[in-house]
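Visitor: Mind looking at a prediction? Sequence and model below.
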Amino acid sequence: MHAEERQQAILRRVREAGSMRVTDFAAELGVSVVTVRKDVEVLAERGLLARVHGGAMLPEDWAETAPATVAPVAARTASAAPAAGSGRPLVLGLIVPSSAYYYPEVIKGAREAADALGVRLTLAVSTYDVDTEKAQAARMVEDGVDGLLLAPSAGEGKPGGQWYEELGVPVVLMERRPEHQASAAEHVGTDHGYGARLAVRHLLDTGRRRIALVMRGGTPTAPWIKKGYDAAMGEAGPGTAEHAFFLDLAQFGAGDAAYEEVMDAFVEAVREGRVDAALVHPDHEAMVLMQRLRGASLSVPGDVALVSYDDEVASLADLPLSAVAPSKHEVGVTGVELLVRRLREPGRPRRRIAILPELRVRASSEA
């Protein structure tokens, strides 16, 4: 059983029973106590459960002894606090494709906002499977959630587009946009096109002109990065910026002969001076690329400047990578605020919110 599967099993047990003993659950899964304890620590750090002596509990059941909610979130959401006599607390479902990459900060932000607003949040992880998330959403609705926060696995042009509009409860999309323009679904997400523009402008400002785009297409983020990159390069004008190299790694498997060929071609383009900078998505591809460049005796940022996109692990590279950092925590907070306001003020105008990422400049692209 993988770590994410164990952690989901732990969350299910705690939600069903209200608490869990580490020793008992380790024996049930046939793994070591240390393994389960580490899983509990990971989930506690994400705010999904509370650690207690020998086990774990639901955070809300431990509220009397738990630390107070982060002040800035509480202050922002005070105006939307539960009305007196409103009955049971609202229950929101949150379905994300992963609890290991990108989404932990989204989950944390959603949890903090839910606590501040006095609503309960339940979590499910779809592992990028449309059928799984449909089943999870249906189960949450059957269990009585008042609304759903959803990052659908189906992207543009894929099946499963607007199934969430038939669930019978309000839905707010997170880091996704509705499949069709006629959809009235509310959403909150990062303006990834703006993020790509930030990266290109930074590279131009440092004197780079032959800027490549290297990414693993097929992700929901990739098309917006491509649009932002193309727009920024076009805005710079001929003679200022040159589309030096475009490489979509989605069509290759790591280690395949074709993958090795295109990576070697990129390195050679840098060696010949045809590429002097690159925007790379996601972080781990930027780290692999930097290792290859340095292994070929090419320097970063001397021969080529690199900016990665996501900033999940960019700062941990041997040479810290500059990175575009989406405001994931803010996406989680804003998603909960949108959904709670929709539930408490059904007649208010619907909203679609774009949150701007920031560029964190580090050693890989310094002038």
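Guide: Yes, it's here. The structure presented is a predicted model; accordingly, all values stated were derived computationally and were not measured. Residues are numbered from 1 along each chain as shown.

Visitor: A114 reaches R120, doesn't it?
Guide: Yes: with contact defined as C-beta atoms under 8 Å, A114 counts as touching R120 (6.9 Å). For every residue, glycine as well, the C-beta is placed using N, CA and C.

Visitor: When these two are compared, which one has more neighbours?
Guide: Legend: neighbour count by other C-beta atoms under 10 Å for A114 and R120, higher for A114 (31 against 17).

Visitor: and the more buried one, which of the three is it?
Guide: Here A114 is recorded as helix under DSSP: H, G, I helix; E, B strand; the rest coil.

Visitor: Can you show me the strands along the stretch 51-200 of the chain?
Guide: Here the stretch 51-200 of the chain has its strands, by DSSP state E, counting those that start in this stretch, at 55-57, 91-96, 120-125, 147-150, 171-174, 186-190.

Visitor: mind putting these in JSON lines, mean pLDDT and distance to R37 included?
Guide: JSON lines is the format used below for the strands of the stretch 51-200 of the chain (pLDDT from 0 to 100; distance: least, C-beta to C-beta, whole Å):
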{"stretch": "strand 55-57", "mean pLDDT": "84", "distance to R37": "10"}
{"stretch": "strand 91-96", "mean pLDDT": "95", "distance to R37": "24"}
{"stretch": "strand 120-125", "mean pLDDT": "93", "distance to R37": "20"}
{"stretch": "strand 147-150", "mean pLDDT": "95", "distance to R37": "29"}
{"stretch": "strand 171-174", "mean pLDDT": "94", "distance to R37": "30"}
{"stretch": "strand 186-190", "mean pLDDT": "94", "distance to R37": "34"}
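
Visitor: Mind putting these into CSV with distance to A17?
Guide: Output for the strands of the stretch 51-200 of the chain, formatted as CSV (distance: least, C-beta to C-beta, whole Å):
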stretch, distance to A17
strand 55-57, 10
strand 91-96, 18
strand 120-125, 15
strand 147-150, 24
strand 171-174, 29
strand 186-190, 33
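
Visitor: Of all those strands, which one is nearest R139?
Guide: strand 120-125 (8.1 Å; C-beta to C-beta).

Visitor: Show me what the closest one pairs with in its sheet, parallel or antiparallel.
Guide: Using DSSP bridges, the strands paired with strand 120-125 are strand 91-96 (parallel).

Visitor: I'd like to know which of the strands of the stretch 51-200 of the chain lies nearest to A196.
Guide: Between A196 and these, the tightest spacing by C-beta to C-beta is seen for strand 186-190, at 11.0 Å.

Visitor: which strands and helices sit next to the closest one?
Guide: The helices and strands touching strand 186-190, judged by 3 or more C-beta pairs under 8 Å, 6 or more residues apart in numbering; DSSP states H and E, are strand 171-174, helix 328-344, strand 352-355.

Visitor: Please identify the most buried of the ones you listed.
Guide: Highest mean neighbour count of the helices and strands packed on strand 186-190: strand 171-174, a mean of 26 (counted as mean count of other C-beta atoms under 10 Å).

Visitor: which helices and strands does it pack with?
Guide: Strand 171-174 sits against strand 147-150, strand 186-190, helix 328-344, with contacts defined as 3+ C-beta pairs under 8 Å, 6+ apart.

Visitor: CA-only coordinates of it, as PDB, when you get a sec.
Guide: Provided in PDB are the C-alpha atoms of strand 171-174 (Å, rounded to 0.1, in the frame of the first residue of the first chain):
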ATOM      1  CA  VAL A 171     -20.100  23.700  -6.600                       C
ATOM      2  CA  VAL A 172     -17.000  25.900  -6.700                       C
ATOM      3  CA  LEU A 173     -14.200  24.800  -9.000                       C
ATOM      4  CA  MET A 174     -10.600  25.200  -7.700                       C
END
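
Visitor: What about G54, how many residues nearby?
Guide: G54 has 13 nearby residues by other C-beta under 10 Å.

Visitor: Could you do the one 4 residues further on as well?
Guide: The burial metric for L58, expressed as a neighbour count using other C-beta under 10 Å, is 19.

Visitor: residues contacting the residue sitting nearest the centre point of the chain?
Guide: Residue closest to the average C-alpha location in the chain (C-alpha atoms, centre = their mean): Y102, at 3.1 Å. Shown in contact with Y102 (C-beta atoms under 8 Å, 6 or more residues apart in numbering): 310, 312, 326, 328.

Visitor: if I look at the closest residue to the last one other than its chain neighbours, how far off is V214?
Guide: Once its chain neighbours are removed from consideration, K328 has its nearest residue in E105; the separation is 3.7 Å (C-beta to C-beta, 6 or more residues apart in numbering). Distance from E105 to V214, counting by C-beta to C-beta, to the nearest Å: 24 Å.

Visitor: who's more crowded, these two?
Guide: For E105 versus V214, neighbours defined as other C-beta under 10 Å are more numerous around V214 (22 against 18).
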